[in-house]
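Asker: from the sequence below, what's the structure:
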Amino acid sequence: QVQLVESGGGLMQAGGSLNLSCAASGNIASIVDMGWHRLVPGGQREQVAAITTTGATDYADAVNGRFTISFDHAKTVVHLQMTALTPQDTSVYYCSAVVSTSGGRSRAYWGQGTQVTVSS
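Answerer: Numbering: from 1, shown residues only. Have a look, this model is predicted:
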């Protein structure tokens, strides 16, 4: 089991910046990947950014160049620095962690979500 606790988020004007953090606890030794997702119209989650424990990163086209994901190994915390925010970034943001399980399988855990609202 992995528990994820998110912090950050809130209300920001367009063009501003916000930082999200997500602290993992529990079976953190099995974490191979952490990331951030957000809700899109229709209720699905889209991946915003992800980072492996070896440091490889991946960004959605919509945020590439504006958002930066980083991973603090010592504290098992993943950060998402969001800059040049637009109203289209408004959403609930969820932290995720992918854990390696037995038999070469993996399982995803999710945080409770944090609201980001960008006003125009």
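Asker: use CA for all of it now, contacts and neighbours both
Answerer: Fine.
Asker: now Met82. Nearest residue, chain neighbours left out?
Answerer: Spatial nearest neighbour of Met82, excluding adjacent residues (Cα to Cα, 6 or more residues apart in numbering): Phe67 at 4.5 Å.
Asker: who does the one you found form a beta bridge with?
Answerer: Asn64, Met82 (DSSP bridges).
Asker: again, but for Gly10
Answerer: For Gly10, the beta-bridge partners under DSSP bridges are Val116.
Asker: where's it relative to Cys95, distance?
Answerer: Separation of Gly10 from Cys95 (Cα to Cα, to the nearest Å): 15 Å.
Asker: that older thread, surely the residue nearest to Met82 meets Thr86?
Answerer: No: in this structure, Phe67 is not within contact of Thr86 by Cα atoms under 8 Å, at 11.8 Å.
Asker: so the most far-flung residue of the chain relative to its centre, which of the three states?
Answerer: Ranked by distance from the centre of the chain (Cα atoms, centre = their mean), the top residue is Gly103, with 26.5 Å. Following DSSP: H, G, I helix; E, B strand; the rest coil, the label given to Gly103 is helix.
Asker: quick one, what contacts the residue most central in space within the chain?
Answerer: Centroid-nearest residue in the chain: Trp36, 2.0 Å away (criterion: Cα atoms, centre = their mean). Residues in contact with Trp36 (Cα atoms under 8 Å, 6 or more residues apart in numbering) are 47-50, 80, 93-96.
Asker: between Gly10 and Cys95, which is the more surrounded one?
Answerer: Taking neighbours as other Cα atoms under 10 Å, Gly10 and Cys95 compare with Cys95 leading, 31 against 14.
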